[in-house]
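> mind looking at a prediction? Sequence and model below.
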Amino acid sequence: MDLPFENAPEDMWVFGYGSLMWRPDFDYLERVEGLLIGAHRALCIYSWVHRGTLERPGLVLGLDVGGACRGIAYRVAAAKRDDTIAYLRTREQVTMVYRETWRPVWLAGDPKNRVRALCYVADRRHPQYAGRMSLDRQLHLVRQGHGRGGPNRDYVIETVKALEALGYRESALHLLAERLKGGESHGAAP
């Protein structure tokens, strides 16, 4: 049975797959590697606020349909539940591009240890949903993107560092980060 988002009497889990892995900015009791099945990490969201603008959008991660995603699961004390949800909504739901949902996440170290975690999943019907695109198009958007949260480039590079710290390599994301660090010429937008 799903618990409601607010006012539940027990600790809550939050699943981070992008910037929440390296900058959660909320109080938590425990930080554990986690695996979510049924969605994968993808640069599939145009950023109009945190890493870009409407005129010069950036590109950020979303959980998109299919596959699996390794990330970080955070256990939040029941007493901090409402504050954490309010914070996450302010951070993640500026334009309502994500669906706030509970998903099963398997915690590292014990394949039988499954928790229900709060996740932010890409809403494919939202105008900011970018879908799949070429590496060159991603590169162009990330290079141009700069918003309230800073340069889009930093977001991608920090996420890749967080994945590497967990011992993971995602080919497309790592290739993009390598090209961003390599200082290739900007070239024309694809």
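The structure has been received and is ready for your questions.

> pLDDT weak spots in this protein?
For the chain, residues meeting the criterion pLDDT under 70 lie at 1-8, 183-190.

> residue 82: how many residues sit nearby?
Other residues near residue 82 come to 14 when the count uses other Cβ atoms under 10 Å. Glycine gets a C-beta too; all of them are placed from N, C-alpha and C.

> what does the longest helix along the chain rub up against?
When the chain is parsed with DSSP state H, its longest helix is helix 152-165. For helix 152-165, contacts defined as Cβ atoms under 8 Å, 6 or more residues apart in numbering pick out 18-19, 21-23, 43, 47, 50-52, 58-61, 70, 72, 141-146, 149, 169-170, 173-174, 176-177, 180-181.

> just the buried subset of the residues you listed, written out for PyMOL, thanks.
Per 16 or more other Cβ atoms under 10 Å, the buried members of the contacts of helix 152-165 correspond to this PyMOL selection:
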select buried, resi 18+19+21+22+43+47+50+51+52+58+59+60+61+70+72+141+142+143+144+145+146+149+170+173+176+177+180
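
> between the helix or strand harbouring residue 32 and helix 152-165, how big is the angle?
According to DSSP states H and E, residue 32 maps onto strand 30-47. Between strand 30-47 and helix 152-165, the angle comes out at 150 degrees (axes from the mean of the first three to the mean of the last three Cα atoms, to 10 degrees).

> next SSE after strand 30-47?
Where DSSP H and E defines the elements, the next helix or strand beyond strand 30-47 is strand 58-76.

> chain center to the following helix or strand past that next one, what's the gap?
Next in sequence after strand 58-76, counting helices and strands by DSSP H and E, comes helix 81-92. Helix 81-92 sits 15 Å away from the centroid of its parent chain (Cα atoms, centre = their mean, to the nearest Å).
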